[in-house]
Structures are given as structure tokens and as C-alpha cells.
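Asks: Quick check, what structure comes out for this input:
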Amino acid sequence: MAGKHSAPTPRRQSDPMPLSRAEQGYVPQGTVYAQPKRRRGCLMPILALLLVGSIAGGAVYLYFNPLHYNVTVNGTTAKVDRNATIADVIEAGYATPAPGNLLAIDGSLALEGGGDAFAATVNGTPTNDPGYVLEKDAVVEIGDGADTTEEYVETEEVVPHGTVETDTSAGAYWAGSLHVYQKGEDGTKVTRTGSVSGITVTEQTKDPVDSGYRIYNANVGEDKVVALTFDDGPWPETTAQILDVLEANGAKATFFTIGEQISYNTDLVQREHSIGCQVCTHTWDHASGSGQGVNITYMSADEQINEVQRGYEAIKEALGEEPSHVLRAPGGNYYGDAIANLEPYVDAEIGWNVDTEDWQRPGADVIYERIMSVQPGQVVLMHDGGGDRTQTVEAVSRAVPELIAQGYRLVTIDELLSYGG
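Replies: Numbers count the residues shown, from 1 in each chain. Prediction:
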């Protein structure tokens, strides 16, 4: 009806409750909200603790890493800045070292004062480094600098070897007991040119070794060494008896064997080798046939080569290894064309300085006296085969311990060859 309010629509239970004006964010004009209060009481102690910690940390750091500290320079206490160097204390006048000179590569003066600026020790450790940092309480000794040698450029050159011209006649054989085929070796030299002085110096760093056939005696200096040698074995009983003497005295010898006899006495050759003796060849059959049993120079080149090679092969078969290519020619007959013919097959041919002539059986006393006449570096000729050698055995049994008592060392031919001429 006109002029009357209509009745409100009843709210159903499922309808949501209407929001109030405050819940809808309505703020009446003139409303003032209070600001939250700050909690100052907790922050101030924290800041104070941080400040105290920073101050304490800085104090500890400065204690262990002071800005200034003392060192001792040449006995005087010097206060220096932290990380001061040797150059700093020199600049400050605590030491006045004179610099060394720069020398040319020939030892002459290249630049005065161009060497080390000083020589120093820090707590006993040597140094010439101007940037060496001095720690607290370091003890420093500073003196004059050392001379130094200039840098240089080096080049190397080959020095060609030459050839030895040797008399190969029969008479020349007796000029020395060692007859060696010497292989040539080139030498070297270096040339150095100074980077500052320009001076050039040449030095031979390796001497060349001339090739050729040389005859000489061993140069043993002060060493009392001799080489006992035995020909014409191996021989039943005699060779074994000589080996007994050598082994009992810790001595060595060299046995020049007849190749065709080795197969019948292999055990003796093996024993020679096992006790440190040297086994060499005295040819295959002592130059029988055209060599007339004593002289390979009577043989053709092929026969000479055959004599030597078959001798090597017999030793190799007995020992199971390649023997040294050292020969003693029958009768000491090694001259003329034989030297050139056998060069590819022989490293050395061995003569003697003392001939006991024991093959003539002059008596054990005579053989003994001849053995005892030997001098350092010499070779003694004897025989362990080719006949009755009982006199030789007796003489050797007396001479070997006597030589050792006199200070001699009994060596092999290879050991004697190592001394050179």
C-alpha cells in the first residue's frame, strides 16, 4: 500500500551473512591509528658487542702483524715497516755493500759493478734477492756482492777423429804387450760468445779418439796390477790344478784356449769362466797345416779368419755366450797382412812382457823367479797345456800368494785393457 513500508524479505539459512561496514574496509573520517612501539632495548647491546669484537680483533691482528717491528742488520737494531725488504734496509743506510763486477766469459772485466748488488744471509740462509721480505726479529748480515759471469750463447761442433799410423812389422810386435784395434770416435767442442762483452771462447769438451792399430803397454799408474796368462789348454789335470791355486787365493787369470781341445774339456772352460777368469782363443788348432803349427802369417787370409772364428765358436758352445774377441796368435806371430786381414774379427791381440819359457821345463824355481820379476801393468806368459806342466803348477802355487802378499792384484786381460796406454 501507498505510504507503507513493505515487509523485509526473510533471510534463508543458506544465504551468507552480510559483511559489516568495518569488514568491508570502511574507515570513518577522522579515525587515527596508533603506531607500534620500537623495541630499542635489545639492539644496543648487540651493537656494543660487535664494536668490542672488532676492536679486539684489530688489536690481535696488529699484535701479530705490527705496522713496524725490529730487525737486526749487521749487529745493529733497525726499526722497519712491515714487509720491509733487504733493498729497503740498504736504502735506509743500515748497510752499504759494494756491488760485484760482471765478468766476461774469459774471466776479464765486462762491466764494473755489474755483478750481484750484495751478498746476505737472513737467519743464516744465504740470499742475494733484494726483494727478500724481512720478518719480525730477523737477523740479517749484508756484505759486498759477488762477481758474476755474463750470459752467453753456446754452439757445439764435431771434432773429427784421425787415423793412427802404426808399424806392423814383426819387430814392432815387441814394442808393447797390448795390440789393440782402436775404433775411432769423433770429439766435440763448444764455442761460447758473451752476451755483453762479445768475447768468444772455445773449449774441447770431448777429445777425439783416432782409429787404427796400436801397440802399447798398459798405463796403470800407481795400481799394482798384473795379468797372468796361460796358453794351449784346456788340459786334463794341469788346468784344474792351476784353477785350484787361483780360486784359493781369489785371483784371476786369462786362458788362451785351443779350440779343438775344448770339446774334450768343456767342464774346465766352464770352471775358468765361473771363477772370474777370462777365456780367449789361441786359434782353433795352433795354426796347423800351412801355418806349420806356429805362425798364422804363413796362412792365407781365409785360413787366418777360419782359425780365429772357429776358436770363438768353440768357446761360445762351451759357455753359451759370445766370448770376448781377444786373441793370442801362436808364437806371437802377428804382423804384416794378418793385422789388416783380421781387423773385422779381432778387438785385441795379446803379447807378453815376461816370458817364463815354462814350455822348456827349466825347473819350478826358474819359472817362479821369472814370474816374480813382473812389474805393474805387465803380462806374464805361461802354459797350462801342450805337455807336462807340473813345473808350471808348482811355480804358480808359490808365486800367486807371494804376489798378493806384495800388494799385487791379479787381473784379466779385459781389466788390463781398461787402463789404456
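Asks: the domain parsing of this structure - what is it?
Replies: 68-149, 152-173+184-209, 217-417 (automatic domain parsing).
Asks: End to end on the longest one, go ahead and measure it.
Replies: So that's domain 217-417. 9 Å (CA to CA, to the nearest Å).
Asks: and what of the second one?
Replies: From the first residue to the last, domain 152-173+184-209 extends over 29 Å; the measure is CA to CA.
Asks: next one: that domain to chain centre, how far?
Replies: 23 Å (CA atoms, centre = their mean, to the nearest Å).
Asks: Over to stretch 399-408?
Replies: 35 Å.
Asks: what residues does that stretch touch?
Replies: Contacts with stretch 399-408, where a contact means CB atoms under 8 Å, 6 or more residues apart in numbering, come from 224-226, 228, 245-246, 249-251, 368, 371-372, 374, 376, 410. Heads up, the C-betas are built off the backbone N, CA and C, glycines and all.
Asks: got the buried residues for it?
Replies: 399-400, 403, 408 (16 or more other CB atoms under 10 Å).
Asks: Tabulate the residues you listed in TSV, adding columns for distance to Phe255 and pLDDT.
Replies: Listed next are the buried residues of stretch 399-408 as TSV, based on distance: CB to CB, whole Å; pLDDT from 0 to 100:
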residue	distance to Phe255	pLDDT
Ala399	17	98
Val400	15	98
Leu403	18	98
Tyr408	19	98
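Asks: for those residues, which one is nearest Gly187?
Replies: Ranked by distance to Gly187 (CB to CB), the buried residues of stretch 399-408 are led by Tyr408 at 35.3 Å.
Asks: Now tabulate the buried residues of stretch 399-408 in CSV and tack on secondary structure and distance to Asn83.
Replies: Listed next are the buried residues of stretch 399-408 as CSV, based on DSSP: H, G, I helix; E, B strand; the rest coil; distance: CB to CB, whole Å:
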residue, secondary structure, distance to Asn83
Ala399, helix, 79
Val400, helix, 76
Leu403, helix, 73
Tyr408, coil, 69
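Asks: Now, of the contacts of stretch 399-408, which are buried?
Replies: 225-226, 228, 245-246, 249, 251, 368, 371, 374, 376, 410.
Asks: State the pair within the residues you listed that is farthest apart.
Replies: Val245 and Pro376 (21.2 Å).
Asks: Please verify my assumption that Phe282 contacts Gly331.
Replies: Not Phe; residue 282 is His. No: assessed by CB atoms under 8 Å, His282 is found out of contact with Gly331, at 10.4 Å.
Asks: So for these two, which residue has more residues nearby?
Replies: In this view His282 and Gly331 are compared by other CB atoms under 10 Å, and His282 has more residues nearby, 27 against 15.
Asks: List the contacts of the more buried one.
Replies: 231-232, 256-258, 311, 327-328, 330.
Asks: Any idea how many residues pack against Val411?
Replies: 25.
Asks: swap that for Pro99, please
Replies: Neighbours around Pro99, by other CB under 10 Å: 17.
Asks: swap in Thr390?
Replies: Neighbours around Thr390, by other CB under 10 Å: 13.
Asks: contacting residues for it?
Replies: Thr390 touches Thr238, counting by CB under 8 Å, 6+ apart.
Asks: I'd like to know how far it sits from Phe256.
Replies: Separation of Thr390 from Phe256 (CB to CB, to the nearest Å): 20 Å.
Asks: on that earlier part again, looking at the contacts of His282, which is nearest Glu154?
Replies: So of the contacts of His282, ranked by how close each gets to Glu154 (CB to CB), first place is Leu327, at 44.4 Å.
Asks: List the buried residues in stretch 107-114.
Replies: So, applying 16+ other CB under 10 Å, buried residues of stretch 107-114: 110, 114.
Asks: Test my guess that Arg328 contacts Glu349.
Replies: Yes: with contacts counted by CB under 8 Å, Arg328 reaches Glu349, the gap being 6.7 Å.
Asks: Count the neighbours of Ala329 for me.
Replies: 30.
Asks: these two touch, right, it and Ile296?
Replies: Yes: using CB under 8 Å, Ala329 makes contact with Ile296 at a distance of 5.6 Å.
Asks: overlap in contacts of the two?
Replies: 283, 287, 338.
Asks: if we can go back for a sec, and the buried ones among the contacts of stretch 399-408, which is closest to Gly291?
Replies: Leu228 (26.2 Å).
Asks: is it true that that closest one lies in a strand?
Replies: Yes: judged by DSSP: H, G, I helix; E, B strand; the rest coil, Leu228 forms part of a strand.
Asks: Need the pLDDT of it.
Replies: Turning to Leu228, the model gives it a pLDDT of 98.
Asks: now swap in Pro66 and tell me
Replies: In this model, Pro66 carries a pLDDT of 79.
Asks: what about it, distance to Asp81?
Replies: In terms of CB to CB, Pro66 sits 10 Å off from Asp81.
Asks: ok, now Asn74?
Replies: In terms of CB to CB, Asn74 sits 19 Å off from Asp81.
Asks: do the same with Asp285
Replies: 95 Å.
Asks: Neighbour count for the two, which is higher?
Replies: Neighbours per residue (other CB under 10 Å) separate Asp285 from Asp81, with Asp285 holding more: 17 against 13.
Asks: that older thread, next step: the contacts of stretch 399-408 restricted to helices.
Replies: Among these, the residues falling in helices (DSSP state H) are 245-246, 368, 371-372.
Asks: if you go through the chain in chain order, where are the helices?
Replies: Under DSSP H, the chain gives helices at 40-64, 86-91, 238-248, 259-262, 266-274, 301-319, 337-341, 364-372, 390-405, 413-417.
Asks: Thank you, goodbye.
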